[in-house]
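Colleague: I need the structure of the sequence given here:
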Amino acid sequence: MLDLDEWRESGRYSSSDGISGAVRITHAPNHRGFKGTEFLIDAVSTLRSEGLKVELQLVEGVTSSEVRDVLINRTDIFVDQLVFTGHGMSAIEGMACGLVTLSNLEDSSIMTAFRRWTYFEECPLVSVSPETVTSSLRTLITQPELRAELGAAGREYVEKYHG
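Modeller: Numbering: from 1, shown residues only. As a prediction, the model looks like this:
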């Protein structure tokens, strides 16, 4: 269970759309290769080359409370992992903070059982892979209302199943 008083909802839904203002993406990898950090760095570079205002915050080697502070106060989009299928505790923490959260849920041979026999079908994580992260981020960066909607759904999901 997650302490929802500590991992509180951010409440700072930015209306930035990558043109009118920068959108902040946070990634807190404990193992860069496992989490696919290099693919995220490349995606952000591509989006910047297209003219979008995007800030990437890599949060590494800090305490859980420092990660929580960044998520609650300085994040618009949270990226959990891109390579391996599933999500980590950090995805739950990102959703608890009311953030649209991305993780790789692409392998149906793994995910089908979870969707059939658990509550996972309700999970509002945005599924991404190294091949789709750029387009998914582009959509989320340019649509602040979608970020807010998915972030609120993530908070509700965590309250219902992980709080």
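Colleague: what packs against the longest helix along the chain?
Modeller: Identified as the longest helix of the chain according to DSSP state H is helix 144-161. If contacts are counted by 3 or more CB pairs under 8 Å, 6 or more residues apart in numbering; DSSP states H and E, helix 144-161 sits against helix 89-96, strand 100-103, helix 133-142. All C-beta atoms are positioned from the backbone trio N, CA, C, and that covers glycine.
Colleague: swap the cut-off to 7 Å and go again
Modeller: Helix 144-161 sits against helix 89-96, strand 100-103, with contacts defined as 3 or more CB pairs under 7 Å, 6 or more residues apart in numbering; DSSP states H and E.
Colleague: can you give me the angle it makes with helix 89-96?
Modeller: 110 degrees (axes from the mean of the first three to the mean of the last three CA atoms, to 10 degrees).
Colleague: show residues contacting helix 144-161.
Modeller: Where contact means CB atoms under 7 Å, 6 or more residues apart in numbering, the residues beyond helix 144-161 that reach it are 2, 4, 9, 13-17, 76-77, 92, 95-96, 98-101, 119, 122-124, 126, 140.
Colleague: show the buried residues in the residues you listed.
Modeller: 2, 9, 13-14, 16-17, 76-77, 92, 95-96, 98-101, 123-124, 126, 140 (16 or more other CB atoms under 10 Å).
Colleague: which stretches of the protein form strands?
Modeller: Secondary structure of the chain by DSSP state E: the strands cover 23-27, 54-58, 77-81, 100-103, 126-127.
Colleague: can you list contacts of the third one?
Modeller: Residues from elsewhere that reach strand 77-81, judged by CB under 7 Å, 6+ apart: 23, 25-27, 34-36, 40, 71, 87-88, 90-91, 94, 99-104, 137, 140, 147.
Colleague: do the second one as well
Modeller: Under the criterion CB under 7 Å, 6+ apart, residues 18, 22-27, 41, 44, 47-48, 70, 74, 141 lie in contact with strand 54-58.
Colleague: out of those residues, which are buried?
Modeller: For the contacts of strand 54-58, buried by 16+ other CB under 10 Å: 18, 22-27, 44, 47, 70, 141.
Colleague: from these, which is closest to residue 110?
Modeller: Within the buried ones among the contacts of strand 54-58, the smallest distance to residue 110 is 22.0 Å, found for residue 27 (CB to CB).
Colleague: give me the mean pLDDT for the longest helix of the chain.
Modeller: Mean pLDDT, helix 144-161: 96.
Colleague: could you do stretch 124-137 as well?
Modeller: Rounded mean pLDDT across stretch 124-137 is 97.
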